[in-house]
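Peer 1: Give me a 3D structure for the following:
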Amino acid sequence: MKIIEAQRIKNLPPYLFARIERMIAQKRAEGVDIISLGIGDPDMPTPDYIIEELSREAKNPANHQYPSSVGMINFRQAVADWYGRRFGVELDPKTEVVSLIGSKEGIGHISWCYLDPGDTVLVPDPSYPVYAGGAILAGAVPYYVPLTAERGFLPDFADIPSDVAKKAKMMFLNYPNNPTGAVATEEFFREAVAFAREYRILICHDAPYTEVAFDGYKPISFLQTPGAKEVGIEFHSVSKTYNMTGWRIGWASGHPDVVEALGRLKSNLDSGQFQAIQYAAIAALSGPQDIVAYNNGVYRERRDILVDGLNEIGWKLEKPKATIYVWAPVPPGHTSESFAELVLEKAGVVVTPGTGYGPKGAGYFRMSLTLSTGRLKEAIERIKKQVGTVKF
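Peer 2: Next up, the predicted model:
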């Protein structure tokens, strides 16, 4: 018997990182020593004090029952307190914060809350694939807003046709940006709020990299912008800040009606995150923050090795101010795919082709900083040996 997929699944492209994982597995099965610069998964451990809090709370029988789908109030209070300390943003933990099983879950589900079949959603191009993926699953139609190097990979709101803007119900933004490493200014966020007000568009800002920054730069929150809570929400998590990607705990905060809608949807789909993990996240947000500076020192060293190494071969890259990624053009004569295939086949190095993040990613590739300095140096040497000096 043939099992027929729903059209929404047929419309959904394979998830980028799932394909990369299969590619890596195949090469390793062939005995190739793979250096993967593909997936942005921190390689440093979660701090001990967070693990110890999980252990304590996991032994508490009170945490063994169903949690609240919107999150414990003390977790949401910890989020609100952290926003106050870090950004000077006041949040009501009862109405303006909802817990998520990792921010990816909320990003995927927010489209189900606000987009009906045929609705338009504005999606940056290139961008994290889940923005478009969640919208497609909801039956919506992504309108791709180009991010170009000439504009510092910031969308130009004036270039969005007015008829498209009038139809759009939501727009995704993400700064510091994955995959480009770009950062946003206060002026840009003010423009975003004004645009959202003019066209009655919900802004969904994805901000998991605000704590991963270098050279004295301190990223800002969209919610710091006057009027931001009236037009949008911000997604965040402990994943990249505290090396907790596998723990799957995050939140959305901002407009209370949007927070309530997301919580209402979740109450019909999941039973929330294990309370012991929520307690561990409270420890992360409320405890010593030394890990943030330590991580950034490690990533800064790795960034410098990778960028300086590529520039010695012939690239002309600027060092990103934030995120764990380096976004680079492919050498002349290559496409994103052909260059990724070349360095994998010849050098045993995995880079992510830019087209995996959208059509405007063509001509670029992304590299992650989640490898030791030794392996990064080896990756550069392998690329240099197989690709040689390049000219742009």
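
Peer 1: residues making contact with stretch 8-16?
Peer 2: Surrounding stretch 8-16, the residues in contact under the criterion CB atoms under 8 Å, 6 or more residues apart in numbering are 129, 133, 136-139, 352, 356-357. Yep, even glycine has a C-beta here, placed from its N, CA and C like the rest.

Peer 1: chain center to the longest helix along the chain, what's the gap?
Peer 2: Of all the segments assigned as helix in the chain under DSSP state H, the longest by residue count is helix 290-313. For helix 290-313, the gap between its own C-alpha mean and the chain's C-alpha mean amounts to 19 Å (CA atoms, centre = their mean, to the nearest Å).

Peer 1: ok now whatever helix or strand comes next after that helix, how far from the chain's centre?
Peer 2: Tracing the chain past helix 290-313, the next element assigned as helix or strand by DSSP states H and E is strand 325-329. Here strand 325-329 shows a centroid-to-chain-centroid distance of 15 Å under the convention CA atoms, centre = their mean.

Peer 1: do stretch 24-36 as well
Peer 2: The chain centre lies 26 Å from the centre of stretch 24-36; the measure is CA atoms, centre = their mean.

Peer 1: Output that stretch in PDB with nothing but the alpha carbons.
Peer 2: Coordinates of the C-alpha atoms in stretch 24-36 are reproduced here as PDB (Å, rounded to 0.1, in the frame of the first residue of the first chain):
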ATOM      1  CA  ILE A  24      29.400  13.300   6.700                       C
ATOM      2  CA  ALA A  25      28.300   9.800   7.800                       C
ATOM      3  CA  GLN A  26      28.900   8.500   4.300                       C
ATOM      4  CA  LYS A  27      32.400   9.900   4.100                       C
ATOM      5  CA  ARG A  28      33.300   8.600   7.600                       C
ATOM      6  CA  ALA A  29      32.000   5.200   6.600                       C
ATOM      7  CA  GLU A  30      34.500   5.300   3.700                       C
ATOM      8  CA  GLY A  31      37.300   5.900   6.300                       C
ATOM      9  CA  VAL A  32      37.800   9.600   5.500                       C
ATOM     10  CA  ASP A  33      39.000  11.900   8.400                       C
ATOM     11  CA  ILE A  34      36.300  14.500   8.200                       C
ATOM     12  CA  ILE A  35      36.700  18.000   9.500                       C
ATOM     13  CA  SER A  36      33.200  19.500   9.700                       C
END
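
Peer 1: got the buried residues for it?
Peer 2: The neighbour-count check on stretch 24-36 (16 or more other CB atoms under 10 Å) flags 24, 27, 34-36 as buried.

Peer 1: Restricted to strands, list those residues.
Peer 2: Secondary-structure check on the buried residues of stretch 24-36 using DSSP state E: residues within strands are 35-36.

Peer 1: Could you provide the buried residues of stretch 24-36 in JSON lines, with additional columns for distance to residue 176 and pLDDT?
Peer 2: As requested, the buried residues of stretch 24-36 are arranged in JSON lines below (distance: CB to CB, whole Å; pLDDT from 0 to 100):
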{"residue": "24", "distance to residue 176": "26", "pLDDT": "79"}
{"residue": "27", "distance to residue 176": "31", "pLDDT": "84"}
{"residue": "34", "distance to residue 176": "27", "pLDDT": "94"}
{"residue": "35", "distance to residue 176": "25", "pLDDT": "96"}
{"residue": "36", "distance to residue 176": "22", "pLDDT": "93"}
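
Peer 1: which among the buried residues of stretch 24-36 gets closest to residue 118?
Peer 2: Checking the buried residues of stretch 24-36 against residue 118 by CB to CB gives residue 24 as the nearest, at 37.8 Å.

Peer 1: who touches the closest one in this structure?
Peer 2: By CB under 8 Å, 6+ apart, the contact set of residue 24 is 34, 36, 38, 350.

Peer 1: Would you point out the most distant pair within those residues?
Peer 2: When CB to CB is used, the two most widely separated members of the contacts of residue 24 are 34 and 38, lying 9.5 Å apart.

Peer 1: which residues are common contacts for the two?
Peer 2: The contact sets of residue 34 and residue 38 overlap at 24, 350 (CB under 8 Å, 6+ apart).

Peer 1: about what we covered before: now do the longest helix of the chain: which elements does it pack against?
Peer 2: Applying 3 or more CB pairs under 8 Å, 6 or more residues apart in numbering; DSSP states H and E, one finds that helix 290-313 makes contact with strand 325-329, helix 373-387.
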